[in-house]
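*Asks:* Here is my input, please return the structure:
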Amino acid sequence: MDSAAHPDHGPEELCSEGATLYERALREGHLPAGEADGTPCLVDFGLLHPSVGEEARLEPVAPTVALHRLLSASEDRIARERRREARLADLFAPLMRIGGASTGTGDSAAVGVLSGSDRIGHAITEAMAAGRDELLAVQPHISHTRTPLKARADALVRDQEFLARGGRIRTLYQHTLRHAPSVLARYEQLSGDAEARTLDEITDRLLVVDRTVAFIPANADRTLALEIRHPVIAGFLATAFDRLWRLATPMYPLAAQPPTPAGITPRQHAIAALLVEGHTDTDIAERLGMNVRTARVHIAKLAATLGSESRAQLGYLIGRSGILDREG
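*Replies:* Reported below is the predicted structural model:
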């Protein structure tokens, strides 16, 4: 096999001729150098090397050593790519905030990626500093356990400055935070048009400023975020918020106590709907922002109210009771 005709490939796609020759070298301990002329990949990838003191012979590198060397090289490439991505993100972050009117391609800057909590917080602060009318926010229960104290304090100052300019803030929380001291204390420190409501189930975190710019998480641990300045997408998110807002229960400044028809609390009503859909206790707890033990306590109370003696009977009794047909 002529080396000039040898196909290009990486070590993870070792050619059949090279694999066969490497296996033979491992079994026999060495090969004549000329036999590897048609498979230069073996030397290039460090699988064969010239014998010390006998250049006409090639000796194989142990597979464990070769594998470690190749993996290290791969890790180095990945690290370089990550550093390159970070440099590009740093370079383009300020550029993405420049309006697209003069470039003629405004849509290309309509969605930007923000990396790191500091950069995300700075972008939100800038958007709110430019805003004048309204901030719409969805804050799931996880936000209050993951956000550092300093970041919460900075957000409080940012919100107060926005309110002081005549802006309005509306926030949706998960129902499990309805009586959380940290949430209520936050609103007691604000002065201005700030309202909060709760729902049993809400979306992931969302911020919309003046219905023109929105921020949503771009990964699970919220170290990446999307900054959305496309008017159609921002408007869609604002409309979705409005519909959730109308369904939510007032929490601040005037908390409303939802009715409890037939002795079924609003929380049990939400659980009943999920039980009928076939969700497990774990699923129900996750969706409603509570631990599994609390969910099971509510399920037990619901079963006692309806006179159920089993999980299967409970689903039947929920359907027959008609509680899901009422407004909960």
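
*Asks:* thought Cys41 was touching Ser16?
*Replies:* No. Using Cβ atoms under 8 Å, Cys41 makes no contact with Ser16, being 11.3 Å away. C-betas here are computed from N, CA, C, even on glycine.

*Asks:* neighbour-wise, which of these two wins?
*Replies:* Neighbour tally, Cys41 and Ser16, criterion other Cβ atoms under 10 Å: the higher count belongs to Cys41, 25 against 8.

*Asks:* The helix or strand encompassing His49 pairs with which strands?
*Replies:* His49 belongs to strand 48-51 when assigned by DSSP states H and E. Using DSSP bridges, the strands paired with strand 48-51 are strand 54-60 (antiparallel).

*Asks:* Poorly predicted segments of this protein, please.
*Replies:* In the predicted model of the chain, residues 1-5, 96-109, 141-148, 255-263, 325-328 satisfy pLDDT under 70.

*Asks:* Show me the domain layout of this protein.
*Replies:* 3-61, 93-252, 261-325 (automatic domain parsing).

*Asks:* Turn those domains into JSON lines, columns for distance to His68.
*Replies:* Converted to JSON lines, these look like this (distance: least, Cβ to Cβ, whole Å):
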{"stretch": "domain 3-61", "distance to His68": "10"}
{"stretch": "domain 93-252", "distance to His68": "30"}
{"stretch": "domain 261-325", "distance to His68": "41"}
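
*Asks:* Can you check which of the ones you listed gets nearest to Arg69?
*Replies:* Taking Cβ to Cβ, domain 3-61 is the member of the domains of the chain nearest to Arg69, at 5.9 Å.

*Asks:* quick revisit: so for Arg83, which of the domains of the chain sits nearest?
*Replies:* Among the domains of the chain, domain 93-252 comes nearest to Arg83, with 12.8 Å by Cβ to Cβ.

*Asks:* ok so, going back, quick one: closest of the domains of the chain to Arg80.
*Replies:* Nearest to Arg80, of all these, is domain 3-61, at 16.4 Å by Cβ to Cβ.

*Asks:* starting at the chain centroid, how far to the closest one?
*Replies:* Relative to its parent chain, domain 3-61 has a centroid offset of 46 Å by Cα atoms, centre = their mean, to the nearest Å.

*Asks:* quick one: secondary structure of Arg222?
*Replies:* coil (DSSP: H, G, I helix; E, B strand; the rest coil).

*Asks:* With Ser74 instead?
*Replies:* Following three-state DSSP, we place Ser74 in the helix state.

*Asks:* need the contact list for it.
*Replies:* Neighbour list for Ser74: empty [criterion: Cβ atoms under 8 Å, 6 or more residues apart in numbering].

*Asks:* Distance-wise, check it relative to Arg84.
*Replies:* According to Cβ to Cβ, to the nearest Å, Ser74 stands 16 Å off from Arg84.

*Asks:* can you pull out the strands in the stretch 1-150 of the chain?
*Replies:* 31-32, 48-51, 54-60, 111-115, 134-139 (DSSP state E, counting those that start in this stretch).

*Asks:* Near Ala240, how many other residues are there?
*Replies:* Using other Cβ under 10 Å, the number of residues around Ala240 comes to 15.

*Asks:* swap in Thr176?
*Replies:* Other residues near Thr176 number 18, with proximity taken as other Cβ under 10 Å.

*Asks:* if I look at it, how far off is Thr294?
*Replies:* Plainly put, Thr176 is 9 Å away from Thr294 if you go by Cβ to Cβ.

*Asks:* Same question for Leu70.
*Replies:* Computed as Cβ to Cβ, the Leu70 to Thr294 distance reads 51 Å.

*Asks:* Show me where the chain has its helices.
*Replies:* Listed in chain order, the helices of the chain (DSSP state H) span 16-28, 41-44, 63-92, 117-130, 143-146, 149-164, 181-189, 231-247, 266-276, 281-288, 292-306, 311-321.

*Asks:* For the third one, what is the distance to the chain centroid?
*Replies:* Which is helix 63-92. 24 Å.

*Asks:* Please point out which parts of that helix sit buried.
*Replies:* Residues of helix 63-92 classed as buried by neighbour count (16 or more other Cβ atoms under 10 Å): 66, 70, 89.

*Asks:* repeat for the fourth one
*Replies:* Under the neighbour-count criterion of 16+ other Cβ under 10 Å, helix 117-130 has 117, 119-121, 123-125, 127-128 buried.

*Asks:* what do you get for the last one?
*Replies:* For helix 311-321, the buried set under the neighbour-count rule, 16+ other Cβ under 10 Å, comprises 314-315, 317-318, 321.

*Asks:* Summarise which helices and strands that helix is packed against.
*Replies:* helix 266-276, helix 292-306 (3 or more Cβ pairs under 8 Å, 6 or more residues apart in numbering; DSSP states H and E).
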